[in-house]
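> Return a 3D structure for these sequence lines:
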Amino acid sequence: MAGSYSGPTILYIPAVERHDRELALEKDIGAMNRILLALLLLTSGFAQAQTPGEERKPLRLDVDGEIAIDQQGVVYQHNLSTILAPDVKKLVDAAISKWRFEPVLRNGKPVAAKSDMYLTLTARPADGGYRLSIERVRFHSSRQATHKIAPAYPLDALRAGVGADLLVALRVDREGSVLDVAVVQGELVSKRKRVNPAMLKSFEKAAKDAYRKWKYEPGDGDAASDTTLLTMMSFSTGDSDRVLGGWKPLDKTQPNPIPWLPAAQQAFDAEGLRQGQSIALDGGVKLQTPVAGTSL
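All right, here's what the predicted structure looks like:
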């Protein structure tokens, strides 16, 4: 059945995903409480009363949400799905409302558009307090998968306790069918020092076979005929070296080109992409306002 899998594989299991979300939520709330405390200390003047010599470490938090822009690239609506402390949310909301985007064109005409967004907030020690800023921002497709098929775990890798992380490109048509699949980048995950590199090909085949059976939400009426999505697939056993609750960047090897895209569209930022997220490489929203590194 789609969305479930028995055995030692930890992959697309709803209970595991909910557990990961709960853990992430607890971490988010804890981190934001610390950030809020730091901000209150800074704005109230109490930051100067810290214990002499006490080390203050930078704080970091990933924030998910959705944004909507009009034909002129002006933000008319946004929502944050990550729970934030009220004062921090107020600062983030105020910053997002001022962002400006390049107009999204469909058949040469500007149209309103929506996109999921992914922010990384940081609070760094500064002048006896903390300075809150947006470290990075990325926008990814809001088209959600409506039908998922769990891939078959390669038996040789399963016996050896080897897992894999794959960065995969999907060509999806307007109706939501997957027309083509390409593995852009991948690495094996194992506690063993020596692993047969040929196993990666087995994982890639399993991922391709599964994704070709996936279905996505239909595109809107103005959408281009095809959309390219960049997404993640993870294979894991209890013996593989995996930490749940977040993605680590893949290795720095040169990614494989996506066969159906021109060279100008081959550059992308997939760092921090997590299971369940996807990046639209064509037709997505693009910021005009400088955001990365700006203070709130």
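> shaky segments in the stretch 151-296 of the chain?
220-224, 238-254, 271-272, 276, 282-284 (pLDDT under 70).
> Strands along that one, start to end?
163-173, 178-189, 215-216, 226-235, 278-280, 294-295 (DSSP state E, counting those that start in this stretch).
> For P259, find the nearest of those strands.
strand 178-189 (5.8 Å; CB to CB). In this view, the C-beta of every residue, glycine as well, is placed from N, C-alpha and C.
> Output the strands of the stretch 151-296 of the chain as TSV; include the columns mean neighbour count and distance to N107.
TSV is the format used below for the strands of the stretch 151-296 of the chain (neighbours: other CB atoms under 10 Å; distance: least, CB to CB, whole Å):
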stretch	mean neighbour count	distance to N107
strand 163-173	23	17
strand 178-189	19	21
strand 215-216	18	21
strand 226-235	22	14
strand 278-280	22	17
strand 294-295	12	34
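> Redo these as a markdown table? Include distance to V88.
Formatted as a markdown table, the strands of the stretch 151-296 of the chain follow (distance: least, CB to CB, whole Å):
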| stretch | distance to V88 |
| --- | --- |
| strand 163-173 | 31 |
| strand 178-189 | 34 |
| strand 215-216 | 33 |
| strand 226-235 | 28 |
| strand 278-280 | 26 |
| strand 294-295 | 13 |
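> Out of the ones you listed, which gets nearest to M117?
That would be strand 278-280 among the strands of the stretch 151-296 of the chain, by CB to CB, at 11.1 Å.
> Counting by contacts, list what the closest one packs against.
strand 129-140, strand 226-235 (3 or more CB pairs under 8 Å, 6 or more residues apart in numbering; DSSP states H and E).
> Can you give the distance of the helix or strand that the first one is followed by from its chain's centre?
Downstream of strand 129-140, the first helix or strand assigned by DSSP states H and E is strand 145-147. Centroid separation for strand 145-147 versus its chain: 18 Å, with CA atoms, centre = their mean, to the nearest Å.
> I figured G293 was touching V137, is that so?
No. Taking CB atoms under 8 Å as the definition, G293 is not a contact partner of V137, at 10.4 Å.
> Of the two, which one has the most company?
A direct count of neighbours by other CB atoms under 10 Å for G293 and V137 places V137 higher, at 19 against 10.
> Tell me the bridge partners for the more buried one.
L119 (DSSP bridges).
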